[in-house]
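>>> Make a model of this:
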Amino acid sequence: MSRRKYYRAILPKNRSKAKRGIFLLLKILLWPLFALFLVTLLTGAVLFIVFAKDLPRPEKFTERPFIQSTKIYDRSGKVLLYDIYGEEKREIVTLDQVPECLKQAVIAAEDVNFYHHFGIDTKAIVRAIISDLKLGKPAQGASTISQQLIRSSFLTQEKTLKRKIREIILTLELERRYSKDQILEFYLNQIPFGSNTYGVGSAAQTYFNKPVSDLTLTEATLLAALIRSPSYLSPFGDHKNELFARKDYVLDRMVQEGYINQETAQEAKNAKLVFPKALQSLKAPHFVMYVKEYLEKKYGEDFLKEKGLKVYTSLDWELQESAEKIVRERAEINKNYYAFNASLVAIDPKTGEILAMVGSVDFFGDPFPKGCTPGKNCLFDPQPNVALRSRQPGSSFKPFVYATAFKKGYSDKVVVIDEETNFGTPSNPYIPQNYDGLFRGPVTLRQALAQSLNVPSIKVLANLAGLEDSIQTAKDFGITTLTKPPSFYGLPLVLGGGEVKLLEMTSAYGVFATGGFQISPISILKIVDSDGNIIEENKKTPKKVLEPSVASLINNILSDNEARAPVFGSNPPMYFPDYQVAAKTGTTQDFRDGWIIGYTPSIVVGAWAGNSDNTPTRKEPGIVLAGPIWRAFMEKVLPRLPKEALF
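Below is the predicted model of the structure:
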């Protein structure tokens, strides 16, 4: 047999064997993959059945489950200050009642691909992951409107794999069962807008006192802006600037998506927004919002909404009522001095407990009083809590500098020269003046502090206390706002050149009142859950930051009526014949701020008067603007307290 015939005879057989080998190899390789695919498919089907079987009927999305509200009380537990989610405000509206601009604003802000995805937006997830990787932390959200609806309706905020799987499956089933318009209608009726308000129907009534169908573009975008963080961005809270910035962002997104043009967006940005007087059942509003913000940061809005907490605060309701009345009445008089706002804080220095907090004259006041131009700063802005705002303290900062000098061994008998002095250079002079423009020659440190003399005080800072050490003393006392390098403040620090907060300043003076012990302000005594279990309780203890002898010397000077008489007279607002009360006033440059902080061993009270927009008053010092407010409150509170001598 020839070689060619031989190969013809065996080749088909070998080809057949090769084909069988290849098929066998593929069978070995593909069978596990096929089995894995079947297992995955079966597991997914089981999970889908298990988790999707509880998805309710469409009408269930407009029925909230039973909610136990969180109640905020005064220190006695008898006065209800605020009920969080205690009464749900909800008005169900159909999608055709919702103006097109509101639908577009919500979609632009929350889920731009809403009508194009199947419930999960993979593109948004990828963008979020890339953004998070760039930032190095999770910051970018990727939840669709459908996911948000599922999460807020049926799931908790716990970050577990089980919850996420359930969210995805329920979202897919939601999208399968209902149309996009149905889902959007559910969502717009379900989402919270703060102030116990749920759904766009109630939100329109709460914030604009009108039906949702009558909302303007500006109002619609503001509601869309609220969705991200309704309590934090509340128009009745301290973060209106951030709310308006978010509103403008929503308008920009609408431009990008082609819903409106740039000119329309700019008109909406410039439009005036007026909020009606709301939350009138809210007592001690600035204090409650201060507490509420803390609770939300620690526990989250959902926890507060579901767990029925009872929050017992430090507030003394009787003192709070007196403080609000006094601030309101005296601020009316202060209008004669072109000072339209005022604030007061009262603290128990032994415990740090806030007994009263009045953030401004009228929390529910008109944000656009006569003479105020919309879009510009106003003389009176009611909602912001001035007690928490950073402002220059004037001479009320001086005791920290003198305490620093006394810590270093100097006594109140040390003499400094009160004379015209250039603390700068010939080419860049700094020649401060005393309040009355006079110089007194040699004065003791006691006289200099008691009479609030500026030139001697700068010499104390420069030559005895030291800039860095004085700042450290203030920080030790609880002042947190002096974060810039000491050179930034320089010698004007002793005259109030660094910004501080009234709440922190009042608390810091408590160090003197207690003989050298510091404790941060306390607003909550305890929190009890719905079962009566205490989940949080104030157990803070004071820490020693100053020697008692130094505190005693400051107390003696600030209560020395004879030493301050040459400037303040023999019967100033700080003087109480039957009580030892120490006090210090402050006035800032151009008379923009008037301060007074005074204390006994049982209470520290700080008062501020001026204008929210930093407009100068009519050249009246703190003793004239804030002094009467502080005096009236002290007259009210002192009879309730024991007659204790300061350290």
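
>>> contacts, neighbours, all on C-alpha from now
OK.

>>> Outline the domain layout of this protein.
Domains of the chain are assigned by automatic domain parsing as 1-53, 93-269.

>>> what's the least confident stretch among those?
Lowest mean pLDDT within these: domain 1-53, at a mean of 60.

>>> now for the host helix or strand of Gly594, which elements pack on it?
Using DSSP states H and E, Gly594 maps to strand 593-599. The contact analysis (3 or more Cα pairs under 8 Å, 6 or more residues apart in numbering; DSSP states H and E) places strand 593-599 against helix 502-513, strand 582-587, strand 604-610, helix 622-625, helix 627-637.

>>> residues contacting Tyr73?
Val79, Leu80, Leu81, Tyr82, Lys310, Val311, Tyr312, Thr313 (Cα atoms under 8 Å, 6 or more residues apart in numbering).

>>> For Ala508, see how far away the last one is.
What that stands for is Thr313. Using Cα to Cα, to the nearest Å, one obtains 21 Å as the distance from Thr313 to Ala508.

>>> Could you do the fifth one as well?
From Lys310 across to Ala508, the span is 30 Å (Cα to Cα).

>>> which of these two has more neighbours?
Between Lys310 and Ala508, Ala508 has the larger neighbour count (other Cα atoms under 10 Å), namely 27 against 22.

>>> And the pLDDT at the more buried one?
98.

>>> That one reaches Thr480, doesn't it?
No: if you go by Cα atoms under 8 Å, Ala508 and Thr480 don't touch, sitting 10.6 Å apart.

>>> what's stretch 259-267 in contact with?
Residues outside stretch 259-267 that contact it (Cα under 8 Å, 6+ apart) are Gln104, Leu251, Asp252, Met254, Val255.

>>> Please identify which of those is nearest to Pro601.
Ranked by distance to Pro601 (Cα to Cα), those are led by Leu251 at 54.1 Å.

>>> That closest one contacts Thr221, doesn't it?
Yes: here Leu251 lies in contact with Thr221, judged by Cα under 8 Å, at a distance of 6.7 Å.

>>> what do these two both touch?
Common neighbours of Leu251 and Thr221 (criterion: Cα under 8 Å, 6+ apart): Ala105.

>>> Give me the more crowded residue out of these two.
Neighbour totals were compared for Leu251 and Thr221, and Leu251 leads with 32 against 29 (other Cα under 10 Å).

>>> how about the helix or strand hosting the more buried one as CSV, C-alpha atoms only?
According to DSSP H and E, Leu251 maps onto helix 240-256. This file holds the C-alpha atoms of helix 240-256, laid out as CSV (Å, rounded to 0.1, in the frame of the first residue of the first chain):
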residue,chain,number,x,y,z
LYS,A,240,-31.1,78.8,55.1
ASN,A,241,-28.1,79.9,53.1
GLU,A,242,-27.3,76.3,52.4
LEU,A,243,-30.9,75.7,51.4
PHE,A,244,-30.9,78.5,49.0
ALA,A,245,-27.6,77.3,47.5
ARG,A,246,-29.1,73.9,47.0
LYS,A,247,-32.2,75.5,45.4
ASP,A,248,-29.9,77.3,42.9
TYR,A,249,-28.1,74.0,42.2
VAL,A,250,-31.4,72.4,41.3
LEU,A,251,-32.1,75.3,38.9
ASP,A,252,-28.7,74.8,37.3
ARG,A,253,-29.4,71.1,36.9
MET,A,254,-32.8,71.9,35.2
VAL,A,255,-30.9,74.1,32.8
GLN,A,256,-28.4,71.3,32.0
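
>>> Any buried residues in stretch 421-436, and which?
Thr421, Phe423, Pro432, Gln433, Asn434 (16 or more other Cα atoms under 10 Å).

>>> and Gln147, how far is that from Gly201?
Applying Cα to Cα to Gln147 and Gly201 gives a distance of 21 Å.

>>> roughly how far apart are Ala583 and Val345?
Distance from Ala583 to Val345, by Cα to Cα: 14 Å.

>>> Neighbour count for those two, which is higher?
Neighbour count, other Cα under 10 Å: between Ala583 and Val345, Val345 has more, with 27 against 24.

>>> tell me the secondary structure for the residue lying closest to the more buried one once chain neighbours are set aside?
Nearest residue to Val345, sequence neighbours excluded (Cα to Cα, 6 or more residues apart in numbering): Met357, at 4.6 Å. Following DSSP: H, G, I helix; E, B strand; the rest coil, we place Met357 in the strand state.

>>> so what's Met357 up against?
With Cα under 8 Å, 6+ apart, Met357 has these contacts: Ala284, His286, Phe287, Gln320, Ala323, Ser343, Leu344, Val345, Ala346, Ala387.

>>> Buried ones only from those residues, please, as a PyMOL command.
Filtering these down to the buried ones (16+ other Cα under 10 Å) takes a single PyMOL command:
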select buried, resi 284+286+287+320+323+343+344+345+346+387
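
>>> In helices, which of the contacts of Met357 fall?
His286, Phe287, Gln320, Ala323 (DSSP state H).

>>> so can I have TSV of those showing pLDDT?
TSV is the format used below for these (pLDDT from 0 to 100):
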residue	pLDDT
His286	94
Phe287	96
Gln320	98
Ala323	98
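
>>> Closest one of these to Ser179?
So of the ones in helices among the contacts of Met357, ranked by how close each gets to Ser179 (Cα to Cα), first place is His286, at 43.6 Å.

>>> and the residue nearest to the closest one when sequence neighbours are not counted, how many residues sit next to it?
In this structure, His286 finds its nearest non-sequential neighbour in Gly359, 5.5 Å apart by Cα to Cα, 6+ apart. Gly359 has 30 neighbours, counted by other Cα under 10 Å.

>>> quick revisit: could you identify the most distant pair in the contacts of stretch 259-267?
Top of the distance list for the contacts of stretch 259-267 (Cα to Cα): Gln104 and Asp252, 12.0 Å.

>>> the more surrounded of the two?
Taking neighbours as other Cα under 10 Å, Gln104 and Asp252 compare with Gln104 leading, 24 against 21.

>>> check contacts around that one.
The neighbours of Gln104, taking Cα under 8 Å, 6+ apart as the test, are Met254, Tyr259.

>>> now swap in the one 4 residues further on and tell me
For Ala108, the set of contacting residues under the criterion of Cα under 8 Å, 6+ apart consists of Val250, Arg253, Met254, Glu257.

>>> Buried only: go through those residues for me.
Buried among the contacts of Ala108 (16+ other Cα under 10 Å): Val250, Arg253, Met254.

>>> my guess is the second one meets Ala109, correct?
It stands for Arg253. Yes: counting by Cα under 8 Å, Ala109 is a contact partner of Arg253 at 6.9 Å.

>>> Find the residue closest to Val637 in space, skipping its chain neighbours.
Leu319 (7.3 Å).

>>> re the thing from before, dump the buried ones among the contacts of Ala108 to TSV, plus distance to Leu226.
Shown next, in TSV, are those (distance: Cα to Cα, whole Å):
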residue	distance to Leu226
Val250	10
Arg253	15
Met254	16
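
>>> and which of those residues is nearest Asn555?
Val250 (54.2 Å).

>>> Now the closest one. Nearest residue, chain neighbours left out?
Ala109 (5.6 Å).

>>> go on, Val93?
Closest residue in space to Val93, ignoring its immediate chain neighbours: Gly201 at 6.0 Å, by Cα to Cα, 6+ apart.

>>> And the one you found, how far from Asn189?
Using Cα to Cα, Gly201 is found at 7 Å from Asn189.

>>> Kindly report the same for Glu242.
Relative to Asn189, and taking Cα to Cα, Glu242 is found at 25 Å.

>>> These two: which is more packed in?
It is Asn189, of Glu242 and Asn189, that has more neighbours when counted by other Cα under 10 Å, with 23 against 15.

>>> what are the phi and psi values for Asp362?
Dihedral pair for Asp362: phi -150, psi 110, per degrees, to the nearest 10.

>>> how many other residues sit next to it?
Count around Asp362 with other Cα under 10 Å applied: 20.

>>> who's in contact with Ser452?
Shown in contact with Ser452 (Cα under 8 Å, 6+ apart): Ser395, Lys398.

>>> Next, give phi and psi for it.
Note on Ser452: backbone dihedrals following degrees, to the nearest 10 are phi 60, psi 50.
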